[in-house]
Structure formats: structure tokens, C-alpha cells
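> Need coordinates for the below:
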Amino acid sequence: MKNKKSLFKTLLIIFIIKYSVVGMLLFTGAKKYVHSSNVELFTHELISNANIIIPVIEESLITKEHAVLHSIVRAMASNSNNRMTIIDTAGNVLMDSAHDADKMQNHANREEIKAVIDGHPHGKSMRYSSTLQKNMLYMALPVNVDGELAAILRLSVPVNEISVFTNAVFKNMAFIFFLIILIALAASYLISKKIASNISKLSDAAMEMASGNFGVRVDIDSKDEIGALAQSFNKMSDEINILFKEVNEGKEMLDKVLASVSDSIIMIDKSDKTLLFNDAFKSMFPDTQTGRHFWEFLRSKAIEDALRKMKDSKTDNMISGEFSSAGKDFTFVISKVKNEDKFVISLKDVTKFKQLENLKKDFITNASHELKTPVTAIIGFAETLEAEELSAEDRRYVEVIKKQAQRLSNIINDLLSLSSFENIKESEKKELNIVNVIDNVVSFYLKKSAEKGIKITSSAQHDLKNIYANEFNMEQLFINLVDNALKYTEKGEINIKAENAGEFVSVTVSDTGIGIPEEHISRLFERFYVVDKSRSKKSGGTGLGLSIVKHIVQLHHGSISIESAEGAGSKFKILLPCFVRV
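A predicted model of the protein is given here:
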């Protein structure tokens with residue numbers, strides 16, 4: 001209300017000042033205009049009076065009846081309230097209605113007289129009269145006899161008579177102008193009040209919108225700019241209200257999604273301060289608060305290192321890893337919010353999964369150890385029976401027992417190998433020249449490949465970098481890959497190629513074998529998964545070879561990929577980290 005009154009007073013003062021200034025300017029201009037108009041009016045009156053008496057003067061000059069002329073001039077001057085003066089062409093005063101002509105000065109240098117002598121149709125001037133001692137308006141016209149200038153008639157009127165007439169007109173104008181000013185002020189008052197009221201409505205609505213009421217509207221029914229502004233405000237209010245509802249709905253949906261997700265999620269800014277988190281994260285880390293650094297309640301060197309790496313590399317790729325805290329095991333994924341310096345950390349509690357995995361591994365290891373002795377005994381007894389004289393049918397049974405027992409023994413050995421790889425320690429790794437490992441594997445399979453008519457070759461970049469790995473694991477990795485290639489290649493060749501690939505060493509094992517159908521590639525590294533079961537049984541495969549390969553690669557922080565098509569061979573590409581000398 002106070003602001004409304006202040007605005008109203010301001011607008012009213014502005015209008016008053018505006019109309020006062022405009023009024024004064026108009027008043028002054030009008031006064032000058034009226035005075036000028038009255039001067040012109042008196043001028044025309046003088047000319048009209050002159051035109052009446054000039055014929056009389058011309059006739060008197062011809063007849064030389066100056067006494068008659070003098071009486072006529074005085075009579076007309078008295079009736080018209082004009083002063084009349086007759087002057088000869090030399091400037092001498094011949095007759096004057098208000099003064100003795102003999103006592104008057106030569107008028108040849110008077111402005112109005114000089115103009116007529118110089119040939120102008122009339123002369124005009126306004127100046128102070130030393131004879132009458134007042135300001136006078138003078139008008140001079142020629143008196144011609146036979147077409148020649150014979151004399152000059154000058155008529156004059158006191159300026160104060162013009163002023164009296166002007167003031168009388170101006171009083172009427174002033175009264176009218178005063179009424180106009182009063183009407184303008186009244187209109188200004190009403191207009192100011194309306195404008196102040198409308199602006200106050202807009203101001204109140206804006207304040208209400210700022211306080212959160214986005215549905216507020218302004219009721220202003222006018223066709224001026226403020227009315228247009230009110231309509232724009234209402235339209236803006238409607239659009240903001242719709243947008244705010246959409247934002248609220250989106251936020252509610254996001255809150256519901258975050259609340260329903262079992263993984264723990266937290267969003268942080270570039271300075272590691274917490275922006276938002278879900279209930280699962282709060283449940284896992286009760287001290288979580290927005291505005292605090294995440295590492296105040298989530299302490300993990302692995303996450304801090306991964307986050308630092310993401311910030312330094314300025315990449316949008318996700319980074320994942322594992323860490324342990326308070327006796328629990330977690331996996332994490334860090335991703336960058338698109339086009340913003342914000343990061344989302346997702347945690348998953350895998351403690352029970354790890355425990356289950358360990359139980360499964362322990363079971364497999366223990367079962368493999370327990371099965372190894374009886375399977376070895378079965379193979380031994382089968383070999384003993386083979387040495388005995390048996391019928392053809394009995395010998396066939398013994399061969400089946402021995403073959404299946406050997407297959408079971410291979411599976412047990414592969415399972416034990418998997419178990420041993422999972423327990424490998426960093427201390428068992430060293431700087432390793434991968435070329436030596438590859439050469440040993442190629443030498444081992446030269447005879448077997450020659451028996452199948454398959455050529456096996458290897459090549460390496462001359463400045464190939466060393467890797468950081470366990471030598472036995474690397475031999476097992478390439479033995480499994482080459483053995484797998486020999487099983488599924490009937491003709492052609494097997495090639496092993498090693499080369500540098502940035503911070504990694506790339507080793508590609510390719511063959512010209514039967515290839516792998518596309519639908520099987522995604523499951524190829526699963527345990528006990530085989531593409532062609534009949535061929536696998538015939539070759540004695542266990543379905544664990546490629547699983548062991550992938551496990552070894554992961555233990556060495558590398559990666560493996562496959563390129564293959566049915567009937568076009570296969571290509572296994574392994575990336576292993578280079579050795580970094582500290």
C-alpha cells in the first residue's frame with residue numbers, strides 16, 4: 001500500500017510538472033502571438049485610415065488649400081484616435097495632428113519615412129517618440145501627385161493602446177487556460193491513480209509469483225501498454241505454471257525412481273560436494289548430507305582415484321571398479337552428467353554375491369580335489385584292463401570308461417587351474433617378454449599342427465614393449481587359444497601377431513577354421529559353454545578353455561575381444577598392460 005501511494009504521488013507530481021511547463025510555454029507563446037496579431041491588426045487599421053485621407057491630401061496639395069487640409073487631418077485624427085503627420089519629400093514636417101509642425105525635427109532619417117522615399121509602398125517601425133515621449137507604432141504611405149511622390153502621410157498609434165487591447169484579450173485567454181489546466185490536473189489525477197493501481201497490481205502479482213504462486217493472474221482491463229503488459233504477464237504466469245508442474249512431476253518421478261533403485265546413488269559436483277542421493281545411499285551411509293564432500297562419509301581410494309582420472313582425462317566414458325569398506329564388498333560405476341561438471345556414483349553391495357562366489361569356488365576346488373583321486377584310480381584300472389586279454393566287446397567298454405574318465409580328469413584339472421588363477425598374487429607377476437612365451441607355445445604345437453597339415457606362425461613388432469604378468473598364466477592363456485584353434489581348424493593356418501598399442505601390447509591369435517556363429521559369440525567365455533557339442537566331445541573339450549583365457553586376461557587388467565563369422569575363421573585379440581618401470 002505504501003509503495004502504491006508513493007507511485008501515485010510520483011506520477012501525479014510528474015503530470016503536474018509536465019502540464020505546468022507545457023502551460024507556461026503555451027501561455028508565453030500565446031501572449032506573444034496575441035500581441036503580434038494585435039500589432040498586425042492596428043497596422044491594417046492605420047493603412048485603412050491612410051487610404052481614406054490620402055485622396056484628400058492629394059487634392060489639397062494640388063489646390064494649395066493647406067488650412068482646409070489641416071482641419072480635415074485634425075478631425076480625422078481625433079475620430080480615429082490616430083496621430084497623423086504629413087511630411088514632404090525632403091523630410092520636413094508640413095503638418096502634425098498632435099504637435100506644432102514648425103517645432104518638429106526633419107524626419108528624413110526616420111525608418112518608415114526613409115522606406116517610402118526609397119520607393120517602398122509603405123514604411124513601418126515601432127520606437128520611442130521623443131516628441132510624445134512614449135512608444136509608438138508608425139505607418140508611412142506615399143502621397144502621389146501626377147504619378148510623382150509629392151508628400152508622405154504617416155499615421156501612428158501609442159503602443160500602450162495595443163497592450164491594453166492585448167491584455168484584455170489575454171485575460172480572457174488566461175481564464176480559459178486556467179480552466180483547461182484544472183481539467184488537465186483532474187484528468188492527471190485520475191490517470192495517475194489508474195496507472196498506479198494497475199502497476200501496483202502487477203507488482204503484487206510479481207511478488208506473489210516470486211513467493212511460489214505460479215498460478216497468479218492480473219485482472220487489468222485496459223487497452224494501453226499496461227493492459228498489454230498485464231496480458232503478457234498472465235501468459236507468462238500460465239507458461240511458468242505449466243513448466244513448474246512438469247518440473248515437479250519430473251522431480252517426483254526422479255525421486256520415485258531413485259527410491260525404488262536398490263543400488264546406492266549419489267551425485268556430486270566438480271568440487272566433490274554432494275548434490276543429491278537416494279534412500280539406499282543414505283541407509284548405507286547415515287552421515288550423508290547435501291553440501292558435504294562425499295569423501296567425508298564414503299572413504300574409498302579406488303573411487304577417488306577413478307574420479308580423479310575421469311576429471312583429468314575429461315572423458316564421458318564410465319569408469320567402474322571395486323572396493324571394500326567396513327567388512328563389505330562393493331562395486332562402483334562413475335559416470336559424468338552430460339554437458340555438466342557433475343558426476344554420478346553408483347554403488348552395489350556385492351558382499352553376499354562375493355560370499356556365494358567364494359563358497360562356490362571352495363566347493364568346486366574341494367570337489368575337484370576329492371574327485372581327482374578316484375578318477376585317477378579309474379584311469380589306472382582301465383589301463384590295467386587294457387593289458388589283459390579281453391573280448392572285443394569288453395575292450396570297447398574299457399576304452400569308453402578310460403576315455404570318459406580322462407575327459408572328467410581334464411575337467412577337474414581345468415577347474416583346479418581356474419581356482420589357482422583366482423588366488424594369484426601381485427608378487428608372482430614380473431616384467432615379461434611376451435615374444436618368448438609365444439615362441440615356446442608355437443614350438444610346443446609344431447608337431448601337432450604338422451600332423452593336421454596346418455601351418456602355425458608368429459610375428460612381433462621389433463620394438464615390442466614388455467608386459468607385467470605371471471609367466472605361467474601367459475603360457476596357459478596362449479596354450480588354450482592355440483589348442484582351441486587347432487581343434488576347430490581343418491586346413492589353412494594359425495597366426496599369432498604381437499604389436500604395441502599405446503599403453504598396451506596387443507596379441508592377435510587368428511585361424512582359418514570353421515568360425516563361430518554370431519549368436520554364440522556373446523556366451524563364448526561362459527564356463528562349460530560349447531558351440532558344437534558333438535565336436536567338443538570328439539576332441540575331448542571341457543568347455544572351460546576360453547573361460548580360463550578370459551579369467552587370466554582380467555587378472556592382468558587386460559581385455560579380450562572376438563571377431564568371427566561362420567565359415568570364415570576366428571580372430572581373438574588380447575590387450576595386456578605394458579610394464580611401467582618406477
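
> Report pLDDT for the residue nearest the centre of the chain.
Centroid-nearest residue in the chain: residue 339, 10.9 Å away (criterion: CA atoms, centre = their mean). Here, the pLDDT recorded for residue 339 equals 79.

> so how far is residue 272 from it?
Here residue 339 is placed at a distance of 20 Å from residue 272 (CB to CB, to the nearest Å). Using the backbone N, CA and C atoms, a C-beta is placed for each residue, glycine as well.

> now residue 62
Remark: distance between residue 62 and residue 272 (CB to CB) = 122 Å.

> Next: residue 206.
Distance from residue 206 to residue 272, by CB to CB: 38 Å.

> do residue 49 as well
Residue 49 is 105 Å from residue 272, where distance means CB to CB.

> how many neighbours does residue 107 have?
Residues near residue 107, counting by other CB atoms under 10 Å, number 21.

> from what I can see it touches residue 113, true?
Yes - with contact taken as CB atoms under 8 Å, residue 107 and residue 113 are classed as touching, separated by 4.9 Å.

> intersection of neighbour lists for these two?
87, 91, 154 (CB atoms under 8 Å, 6 or more residues apart in numbering).

> which stretch of helix or strand covers the first one?
Meaning residue 87. strand 83-88 (DSSP states H and E).

> Okay, buried residues for that strand please.
Within strand 83-88, the residues that count as buried by 16 or more other CB atoms under 10 Å are 83, 84, 85, 86, 87, 88.

> Switch those residues over to JSON lines; also include pLDDT and distance to residue 553.
Output for the buried residues of strand 83-88, formatted as JSON lines (pLDDT from 0 to 100; distance: CB to CB, whole Å):
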{"residue": "83", "pLDDT": "81", "distance to residue 553": "130"}
{"residue": "84", "pLDDT": "83", "distance to residue 553": "133"}
{"residue": "85", "pLDDT": "86", "distance to residue 553": "132"}
{"residue": "86", "pLDDT": "87", "distance to residue 553": "136"}
{"residue": "87", "pLDDT": "86", "distance to residue 553": "133"}
{"residue": "88", "pLDDT": "86", "distance to residue 553": "137"}
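
> among these, which two are most distant?
Pairwise distances across the buried residues of strand 83-88 (CB to CB) peak at 17.9 Å, for the pair 83 and 88.

> Let me see the ranges of the helices in the stretch 151-300 of the chain.
For the stretch 151-300 of the chain, the helices defined by DSSP state H, counting those that start in this stretch cover 159-210, 225-260, 279-284.

> And for the stretch 351-500 of the chain?
Using DSSP H, counting those that start in this stretch, helices in the stretch 351-500 of the chain cover 351-387, 392-422, 434-451, 471-487.

> Who are the packing partners of the third one?
Helix 434-451 makes packing contacts with strand 455-460, helix 471-487, strand 493-501, strand 504-511 when contacts are defined by 3 or more CB pairs under 8 Å, 6 or more residues apart in numbering; DSSP states H and E.

> what's the least confident stretch among these?
When the helices and strands packed on helix 434-451 are ranked by mean pLDDT, helix 471-487 comes last with a mean of 86.

> contacts for stretch 569-581?
Residues outside stretch 569-581 that contact it (CB under 8 Å, 6+ apart) are 431-432, 434, 465-469, 477, 481, 485, 488-489, 492, 500-501, 503-513, 515-516, 549, 553, 556-564.

> same question, stretch 391-398
Residues outside stretch 391-398 that contact it (CB under 8 Å, 6+ apart): 382, 385, 386, 390.

> so the third one makes contact with residue 402?
Yes - Residue 386 sits in contact with residue 402 when judged by CB under 8 Å, with a separation of 7.2 Å.

> Okay, strands next: where are they in the stretch 1-150 of the chain?
83-88, 93-96, 123-129, 134-145, 148-158 (DSSP state E, counting those that start in this stretch).

> Which one, of those strands, ends up nearest to residue 191?
With CB to CB as the measure, strand 123-129 is the member of these nearest residue 191 (44.9 Å).

> Point out the other helices and strands that the closest one packs with.
Counting contacts by 3+ CB pairs under 8 Å, 6+ apart, strand 123-129 packs against helix 111-117, strand 134-145.

> Considering only helices and strands, which part of the protein has the lowest mean pLDDT?
None of the helices or strands of the chain scores lower by mean pLDDT, DSSP states H and E than helix 533-539, at a mean of 48.

> downstream neighbour of that helix in the secondary structure list?
helix 545-555.

> Tell me the gap between that next one and the middle of its chain.
Centroid separation for helix 545-555 versus its chain: 48 Å, with CA atoms, centre = their mean, to the nearest Å.

> just stretch 487-504 next, same as before
For stretch 487-504, the separation from the chain centroid amounts to 51 Å (computed by CA atoms, centre = their mean).

> Just the buried positions in that stretch, please.
487, 488, 489, 494, 495, 496, 497, 498, 504.

> now swap in stretch 443-453 and tell me
Within stretch 443-453, the residues that count as buried by 16+ other CB under 10 Å are 445, 449.

> Check stretch 553-560 too.
Applying a neighbour-count criterion of 16+ other CB under 10 Å, the buried positions in stretch 553-560 are 553, 555, 556, 558, 560.

> Let me see the mean pLDDT of it.
86.

> Show residues contacting that stretch.
Here stretch 553-560 makes contact (CB under 8 Å, 6+ apart) with 421-422, 424, 429, 467-470, 473, 477, 504, 525, 549-550, 572-577.

> What residues does residue 218 make contact with?
Contacts of residue 218 by CB under 8 Å, 6+ apart are 201, 202, 205, 230, 233, 234.

> How confident was the prediction at the closest residue in space to the first one that isn't next to it in sequence?
Leaving aside its sequence neighbours, residue 201 sits nearest to residue 218 (CB to CB, 6 or more residues apart in numbering; 5.3 Å). For residue 218, the pLDDT comes out at 75.
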